[in-house]
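Chemist: I would like the atomic coordinates for the input below:
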Amino acid sequence: MLPRALLLLPAAALLLAACPQRVEESKAEKPKAELTAEDPRVVADTSDLYPAKPDDAPKKTGLGSGVPDETNGECRLYAPKLPSPECCPQDLGLNARQATAACGHTLYLGESHQMTCGYFFATEETTDQPKWLRLSPTLEGEIDAAVKAHDERISIRVAMDPDFHSEPVPGVEGAFWSRHDNLHWAFLPGWAKPRQLTWRDDSCSDEGIKEVMRALIAAPEPPAGAPRSSLIPGEPAAEAAG
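Modeler: The predicted model follows:
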């Protein structure tokens, strides 16, 4: 009598021979849908298709997102990536035209608020990578206290340097500034509360930012709750509208 294992071989062989046929039949029954340029999962480049990245997916955005907008009637609104930018809640004394010239830019794109107020600028060569200045009133009522709190915070959390400290700004009376890597901060006197100015190396030169600081210090502080006077900070309403 043949061993039981040998008796099972013909049945096993039949099963193995039948498997590929069943797989092919299954594939034939469910053909893959062909991708087209209209499919949101892909990005078309001439006749080639590439997987879409999250940033490539179409998004619904608000006014001022990636494109300057004045139809809100309150400010020239702009943010590079925020989906729904908002105008800054208060006038912080920036003169947009003066800052544009002082920092060597050619275009003031607009403003938007995200924790602090951001003002965005571009040149003809950098419209896709706007430069920025940021302004905010400090929590502290005195400039010495604001500078001390800033220095302690940066030295511990950012610079990891116990000797980090702000210094007086040469040629700008009462102002202090500091720097870590390519990021700069300045604290400005002149209003009821000091204002903090933040910028990067490529946002403005040292001499240019000093011009901006002097203009900020000289700017009159608007009364609390005063409405915005123009769409573009620092300009009369009639001129800004033109």
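Chemist: For this structure, name the helix or strand with the lowest mean pLDDT.
Modeler: The weakest-scoring helix or strand in the chain, judged by mean pLDDT, DSSP states H and E, is strand 42-45 (a mean of 39).
Chemist: Leaving out sequence neighbours, find the closest residue to L135.
Modeler: L92 (4.4 Å; Cβ to Cβ, 6 or more residues apart in numbering). The C-beta positions use only the backbone N, C-alpha and C, and glycine is treated the same way.
Chemist: Look at the one you found and report its pLDDT.
Modeler: Listed pLDDT for L92 reads 96.
Chemist: That one and G190: what is the separation?
Modeler: Note on L92: its distance to G190, by Cβ to Cβ, to the nearest Å, is 11 Å.
Chemist: give me the element the residue nearest to L135 is part of.
Modeler: With the criterion set as DSSP states H and E, no secondary-structure element contains L92; it sits in neither a helix nor a strand.
Chemist: still on that earlier bit, if you count what's nearby, which of L92 and G190 comes out ahead?
Modeler: Here L92 and G190 are set side by side on neighbour count (other Cβ atoms under 10 Å), and the busier one is L92, at 24 against 18.
Chemist: my read: the more buried one touches P137, true?
Modeler: Yes. With contact defined as Cβ atoms under 8 Å, L92 reaches P137; the gap is 7.3 Å.
Chemist: Which neighbours do the two have in common?
Modeler: Contact with both L92 and P137 is made by residues R195, according to Cβ atoms under 8 Å, 6 or more residues apart in numbering.
Chemist: related to what we said a few turns ago, please report how far the residue nearest to L135 lies from Q98.
Modeler: Using Cβ to Cβ, L92 is found at 14 Å from Q98.
Chemist: Show me what the helix or strand hosting L109 packs onto, helices and strands only.
Modeler: Here L109 sits within strand 107-114, counting by DSSP H and E. Strand 107-114 makes packing contacts with helix 96-102, strand 116-122 when contacts are defined by 3 or more Cβ pairs under 8 Å, 6 or more residues apart in numbering; DSSP states H and E.
Chemist: Deepest-packed of these, please.
Modeler: The highest mean neighbour count among the helices and strands packed on strand 107-114 belongs to strand 116-122 (a mean of 22), with neighbours defined as mean count of other Cβ atoms under 10 Å.
Chemist: Neighbouring strands of the helix or strand that comes right after it in the sheet, and parallel or not?
Modeler: Once the chain leaves strand 116-122, the next helix or strand it forms, by DSSP H and E, is strand 131-137. According to DSSP bridges, strand 131-137 forms sheet pairs with strand 116-122 (antiparallel), strand 195-200 (antiparallel).
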